[in-house]
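Q: Structure, please.
(one chain, ligands or ions: 2)
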Amino acid sequence: MRDSCGRTIDYLRLSVTDLCNYRCQYCMPPEGVEKRLHSDILSIEELAEIAAAAVRCGVKKIRLTGGEPLVRRGLPDLCRMLRAIPGLAELCLTTNGSLLPQLARPLRDAGVDRLNISLDTLRPDRFAAMTRLGTLQDVLAGIKAAEAAGFRNLKFDTVLIGGFNDDEIEDFVNLSREHPWEMRFIELMPMGPCAHWSGERFLPVSAVLERFPDLRPLPGDGGVARRYQLPGAQGTVGLISPLSCDFCAQCRRLRVTADGHLLPCLHGRAEQNLRGLHGEALENAILAGAMAKPLRHHLAAGGSNTARDMNEIGG
Ligand code: SAM
Ligand code: SF4
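A: Ligands and ions are numbered 1, 2, ... in the order given. The predicted model follows:
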């Protein structure tokens, strides 16, 4: 499927819940979000139906997200249904990692190919303060469980936050020396609870290159991260800079929220309700969503225009 700018759209980020067991300061209010009626959220069958229609339209890769996708009951069943969709090349999942000790094996058995684990700090006290409800220990146990279950080439996503974790850049990058992991740094986007945080919190990911001038660029794989490697390292480092908008021209994504709305752009207001649509009507709505993708967002110039919070969209 192509959009009106000629970009190939083949990647769907599917949010399976807006709920989360954490309350990361930049993402969620301390009290969490109001639990919606069960009937307001897509059922497992509806999620699978939308995914199958998206694959018929040309989607090759699906990433499950949230909220925290692992709190969604029936997640391994959903993954099994998605894995059986003919033509789907890759099924991935983005998680805070805390429930992987219980779920890594069932998810692997259900056919999940790859995991991204969000990890903003390696210090237990900072971790507890940032997530408000989490412990670093759970995530470290989750990482072990993921590797034991057979997940390889894990990717870690660290939101770079001035005055919070910029003194840990070295610690994260150094993990790529000994582990076959991709350590990714993401610029904090001013939206939701962090929309009005002070300027010094928002750092460009080029700060990573300043600290490690020996990071060598690797050829791109079409994703949003610019990839680098230290000499002799087993793993890689990825830099993702949504603020400078250097990947809109390569954007291949559509997003669907847990309440069934298709979002052409993370930072746009446009959405299309997919609930109640089936077959050709559902496919047409997905194709129309792709055509409605804007050329670029204006996050750096005017802020995000989205009406939704990150826990609803899923990143
Ligand atoms: N709960 C899962 C997790 O944390 O990985 C999946 C959903 S979470 C919304 C997806 C990603 O978005 C996480 O890596 C999170 O750190 C990131 N994120 C949330 N708010 C953000 C913001 N304002 N700027 C940049 N990244 C953000
Ligand atoms: Fe939950 Fe992920 Fe948001 Fe943190 S970033 S509150 S883990 S949805």
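Q: Shouldn't Leu93 be within a helix?
A: No: Leu93 is assigned strand when assessed by DSSP: H, G, I helix; E, B strand; the rest coil, not a helix.
Q: Beta-bridge partners for the residue of the stretch 101-250 of the chain found nearest ligand 2, please?
A: Residue nearest to ligand 2 within the stretch 101-250 of the chain: Ser118 (5.8 Å; Cβ to the nearest ligand atom). Every C-beta, even on glycine, is put in place using the N, C-alpha and C of the backbone. Ser118 has these beta-bridge partners by DSSP bridges: Asp157.
Q: shouldn't it be in contact with Leu100?
A: No: counting by Cβ atoms under 8 Å, Ser118 stays clear of Leu100, with 11.8 Å between them.
Q: Now the one residue in the stretch 51-200 of the chain that gets nearest to ligand 2: phi and psi?
A: Nearest to ligand 2 in the stretch 51-200 of the chain, going by Cβ to the nearest ligand atom, is Asn96, at a distance of 3.7 Å. Main-chain torsions, Asn96, degrees, to the nearest 10: phi -80, psi -10.
Q: burial count for it?
A: Asn96: 26 surrounding residues under other Cβ atoms under 10 Å.
Q: and it, what does it touch?
A: Contacts were defined as Cβ atoms under 8 Å, 6 or more residues apart in numbering; by that measure Asn96 touches 20-22, 68, 70, 117-118, 131, 134, 139.
Q: of those, closest to Ala300?
A: Ala300 has its nearest neighbour among the contacts of Asn96 in Ser118, at 22.8 Å by Cβ to Cβ.
Q: distance of that closest one from Thr135?
A: 15 Å (Cβ to Cβ, to the nearest Å).
Q: In terms of neighbours, single out the busier of these two.
A: The residue with more neighbours, out of Ser118 and Thr135, is Ser118; 22 against 13, by other Cβ under 10 Å.
Q: Could I get the pLDDT score of that one?
A: Ser118 is assigned 98 on the pLDDT scale.
Q: ok, it - contacts?
A: By Cβ under 8 Å, 6+ apart, Ser118 lies in contact with 94-97, 156-159.
Q: cool, and Lys60?
A: Lys60 sits next to 10-11, 87-90 when contact means Cβ under 8 Å, 6+ apart.
Q: separation between it and ligand 1?
A: Lys60 is 21 Å from ligand 1, where distance means Cβ to the nearest ligand atom, to the nearest Å.
Q: same question, Leu263
A: Separation of Leu263 from ligand 1 (Cβ to the nearest ligand atom): 13 Å.
Q: What is the burial count for that residue?
A: By other Cβ under 10 Å, the residues close to Leu263 number 27.
Q: Please name the nearest non-neighbouring residue to it.
A: Take Leu263 and drop its neighbours on the chain: the residue closest to it by Cβ to Cβ, 6 or more residues apart in numbering is Arg255, 4.3 Å away.
Q: Likewise for Glu187?
A: Once flanking residues are discounted, Glu187 sits nearest to Leu243: 4.7 Å by Cβ to Cβ, 6+ apart.
Q: Could you check the pLDDT of Thr306?
A: On the pLDDT scale, Thr306 is placed at 77.
Q: Oops, could you answer that again for Gly222 instead?
A: For Gly222, the predicted pLDDT is 58.
Q: Point out where the stretch 201-315 of the chain drops to low pLDDT.
A: For the stretch 201-315 of the chain, the stretches flagged by pLDDT under 70 are 222, 244-246, 301-302.
Q: which parts of it sit against ligand 2?
A: Selection of the stretch 201-315 of the chain residues close to ligand 2 by Cβ under 6 Å from any ligand atom yields 310-311.
Q: Can you report phi and psi for the residue nearest to Leu263?
A: phi -130, psi 140.
Q: Who are the contact partners of it?
A: By Cβ under 8 Å, 6+ apart, the contact list for Arg255 reads 12-15, 262-263, 266, 313-314.
Q: I'd like those written out as CSV, with distance to Pro124 and secondary structure added.
A: As requested, those are arranged in CSV below (distance: Cβ to Cβ, whole Å; DSSP: H, G, I helix; E, B strand; the rest coil):
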residue, distance to Pro124, secondary structure
Leu12, 35, strand
Arg13, 30, strand
Leu14, 32, strand
Ser15, 29, strand
Leu262, 39, strand
Leu263, 35, strand
Leu266, 31, coil
Ile313, 29, helix
Gly314, 26, coil
